[in-house]
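Visitor: Quick one: sequence and predicted model below, then my questions.
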Amino acid sequence: MIFYSPDFLLFLPVVLVICFLVPKRVQNIWLLIASLLFYASGGIQYLPFLLLSVTVSYFCALACEKYPDKKRIALLIWVVWGLGLLFAMKYLPFAYSLLSRFLGVLGISGETPRFSTFLPIGISFYTFSTIGYLMDVYRGKIKAERNFIDYGLFVTFFPYVLSGPIERAGQILPQIKAGVIYSFENIRQGACRMLWGYFLKLVIAERLRIFVDRVYGEYQAYSGVHLLIATVLFAFQLCADFAGYSEIAMGAAKMLGIDVMQNFKAPYFARSVSEFFKRWHISLNRWFVDYLYIPLGGNRKGKWRKYLNVMITFIFSGLWHGAGLCFVVWGGLNGLYMVVGDMTKKARESFKRKLGVRTECFSYRLWQALFTFAAVDLAWLFFRADSLRTGFGILQKIFLSFKLESLIDRSLLTMGFDGYDWMLLCVSMVLWLIVDSLREKGNFYRKFLEQNLLFRYLIFMAGLFGILVFGVYGPDFAAGAFLYFQF
């Protein structure tokens, strides 16, 4: 059940109405049932894995708290179980593929086992969520949750179970235990967020997908200019897609009175790669910092150990996104950016002082943002490529087959896009830029909701009408599911 499907648009009001009608003591039971139904709609065969994860992590947390002298064992049981299951489902075929290549290099041949693909949806997200919960209980940051219904709802809550954010128990469980809080304010705030999320997904991301898929799918047929444009547009497609999902998730949760964390904060406004990852997929990056980077030693064991920890963290982040060398390269590149940036920071500051560079003016901030985007987008190229060979092939064509006449020979109008699409895309992205700029300056939603009723109504209806008219639909629409569903 995808957020923009008719099924979900019927499912959400039904959940809200029943929550309103049932007694308060039954609300969380109903929400747990609804969340499990939502998850099972993506494939009932995946449901046992989710239920098993909830049950085992629940009892491990209780054991961790009840037997403090053996809490490390309880934590280890779940970490090994959770990560072992994730590895078996997601990475075993990739591991065997690498092993076969290695044996081939050594001249050792043999039959490679074949694996059928069976990856439960959302497993990367709820596995990390439960590991974070166990780690917090182990560290004494939170108490183990005794109420199985409340804990189960925390893990399976339908707005974020499939693609995050990866929530913390200390943030969500108190809200769940307080029960559903109905208010007109929550409903309208949630509706506004969902509308904006649908705009990002259906008007921008889905339109960009048409062009990017066409060019990357047959990259040998296009010039370097086409490939460069597709690579830049993919960066915005991915951001609009995932930010759109996050906005819809936040909106749906807000309607039930639950505040889910902001997962994106205008990431392409970042002026360094370090800042970019404080704005992009915030819940995942905080998870890696708290539960991998810091346990590895963080920056407490010297500069070179810090750099090693950064590289390990980013490579694992790449592997979390997918089992493939392209994801390793993506993570490694971003880790390298972070290391080189830190190593050269003092030299760069000294160089700027000697040249008298003004660092507080708009032109300098714009330069930083553009340079950061270029570095991040280079890594996105490998994130999107089907293989390393494809990634390097695209990169080679960008540099060696860069034909400027491709910008004026009308070829850009033959790749699933016409002049109407380009114009609509430009207008939509300018609107996106304006909204993100306003949000940077304060609580955009609160300020919007403070406007007169007629103005709010007209803007809301214009947005709804715009999505219905300009959104991308068609026979292959189901293929455009949110990109992060695959992770």
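Guide: Received, thanks.

Visitor: Buried ones in the helix or strand that contains F455, by neighbour count?
Guide: Using DSSP states H and E, F455 sits within helix 453-470. Neighbour counts using 16 or more other Cβ atoms under 10 Å place G463, G466, I467, F470 of helix 453-470 among the buried residues. Every residue, glycine included, has its C-beta placed from N, CA and C.

Visitor: who touches Y39 in this structure?
Guide: Y46, L47, L50, I121, G122, T156, F158, V161, L162 (Cβ atoms under 8 Å, 6 or more residues apart in numbering).

Visitor: Quick one: residues contacting the fifth one.
Guide: When contacts are counted by Cβ under 8 Å, 6+ apart, G122 is found next to Y39, G42, L50, V161, L162, S163, F485.

Visitor: burial count for the fifth one?
Guide: Read it as L162. The tally of other residues near L162 (other Cβ atoms under 10 Å) stands at 24.

Visitor: tell me the contacts of it?
Guide: L162 neighbours (Cβ under 8 Å, 6+ apart): Y39, G42, I121, G122, F125, F485.

Visitor: which SS state does it fall under?
Guide: Reducing the assignment at L162 to three states with DSSP: H, G, I helix; E, B strand; the rest coil gives coil.

Visitor: Start the count at 733 instead of 1 going forward.
Guide: Happy to do that; since the first residue is 733 now, the last one works out to L894.

Visitor: low-scoring pLDDT stretches of the stretch 933-1082 of the chain, where are they?
Guide: Within the stretch 933-1082 of the chain, not a single segment meets pLDDT under 70.

Visitor: what about 90?
Guide: Applying pLDDT under 90 to the stretch 933-1082 of the chain flags residues 942, 949-956, 1030-1034, 1051-1057, 1077-1078, 1080-1082.

Visitor: now the stretch 783-932 of the chain
Guide: Using pLDDT under 90, the flagged stretches of the stretch 783-932 of the chain are 797-803, 806, 809-856, 894-896, 910-918, 920-921, 924.

Visitor: do that again at 70, thanks
Guide: If you take pLDDT under 70 as the line, the stretch 783-932 of the chain has these spans: 825-850.

Visitor: looking at it, L959 is touching I1130, isn't it?
Guide: Yes. Counting by Cβ atoms under 8 Å, I1130 is a contact partner of L959 at 5.2 Å.

Visitor: Let me know the helix or strand that the nearest residue to L932 once chain neighbours are set aside is in.
Guide: When the adjacent residues along the chain are set aside, L932 lies closest to G976, with 3.4 Å between them (Cβ to Cβ, 6 or more residues apart in numbering). Assigned by DSSP H and E, G976 belongs to helix 956-987.

Visitor: What helices and strands are in contact with that helix?
Guide: Contacts defined by 3 or more Cβ pairs under 8 Å, 6 or more residues apart in numbering; DSSP states H and E place helix 956-987 against helix 738-753, helix 916-930, helix 938-949, helix 1094-1116, helix 1120-1132.

Visitor: Of these, which stretch is the most buried?
Guide: helix 938-949 (a mean of 20; mean count of other Cβ atoms under 10 Å).

Visitor: List the contacts of F740.
Guide: Here F740 is in contact with M733, I734 (criterion: Cβ under 8 Å, 6+ apart).

Visitor: repeat that with 6 Å
Guide: M733 (Cβ atoms under 6 Å, 6 or more residues apart in numbering).

Visitor: got the CA coordinates for the helix or strand I908 falls within in PDB?
Guide: Here I908, judged by DSSP H and E, is contained in helix 901-910. Written as PDB, here are the backbone C-alpha positions of helix 901-910 (Å, rounded to 0.1, in the frame of the first residue of the first chain):
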ATOM      1  CA  ALA A 901      11.900   4.900  21.400                       C
ATOM      2  CA  GLY A 902      12.500   7.800  23.800                       C
ATOM      3  CA  GLN A 903      10.800  10.100  21.300                       C
ATOM      4  CA  ILE A 904       7.900   8.000  20.100                       C
ATOM      5  CA  LEU A 905       6.900   5.700  23.000                       C
ATOM      6  CA  PRO A 906       5.900   8.600  25.400                       C
ATOM      7  CA  GLN A 907       3.600   9.900  22.600                       C
ATOM      8  CA  ILE A 908       2.100   6.400  22.000                       C
ATOM      9  CA  LYS A 909       1.500   5.900  25.700                       C
ATOM     10  CA  ALA A 910      -0.300   9.300  25.900                       C
END
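
Visitor: Tell me which other helices or strands that helix touches.
Guide: helix 880-888 (3 or more Cβ pairs under 6 Å, 6 or more residues apart in numbering; DSSP states H and E).

Visitor: Using PyMOL, define a selection of the buried residues within the contacts of G854.
Guide: Here is the PyMOL command that selects the buried residues among the contacts of G854 (16+ other Cβ under 10 Å):
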select buried, resi 771+774+782+893+894+895
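
Visitor: What are the buried residues along the helix or strand containing S1160?
Guide: In this assignment (DSSP H and E), S1160 forms part of helix 1151-1172. Buried residues in helix 1151-1172, counted by 16+ other Cβ under 10 Å: D1153, L1156, L1157, S1160, M1161, W1164, V1167, D1168, R1171.

Visitor: Counting neighbours, what do you get for M733?
Guide: M733: 18 surrounding residues under other Cβ under 10 Å.

Visitor: What of the one 4 residues further on?
Guide: S737 sits with 14 neighbouring residues when counted by other Cβ under 10 Å.

Visitor: returning to what we had before: so which of the contacts of Y771 is the closest to L1051?
Guide: G854 (17.3 Å; Cβ to Cβ).

Visitor: Roughly how far does that closest one sit from V893?
Guide: From G854 across to V893, the span is 5 Å (Cβ to Cβ, to the nearest Å).

Visitor: Contacts only, for the closest residue to M987 other than its chain neighbours.
Guide: Of all residues not flanking M987 in the chain, G922 sits nearest, at 3.7 Å (Cβ to Cβ, 6+ apart). By Cβ under 6 Å, 6+ apart, the residues touching G922 are G983, K986, M987.

Visitor: how many other residues sit next to the first one?
Guide: Taking other Cβ under 10 Å as the neighbour definition, G983 ends up with a count of 26.

Visitor: And for L1051, the neighbour number?
Guide: By other Cβ under 10 Å, neighbour count at L1051 equals 18.

Visitor: which non-adjacent residue is nearest it?
Guide: Closest to L1051 by Cβ to Cβ, 6+ apart is F1059, at 6.0 Å.

Visitor: just to revisit the earlier point, how about a markdown table for the buried residues of helix 1185-1202, with distance to I805 added?
Guide: Formatted as a markdown table, the buried residues of helix 1185-1202 follow (distance: Cβ to Cβ, whole Å):
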| residue | distance to I805 |
| --- | --- |
| G1195 | 53 |
| G1198 | 56 |
| I1199 | 52 |
| F1202 | 56 |
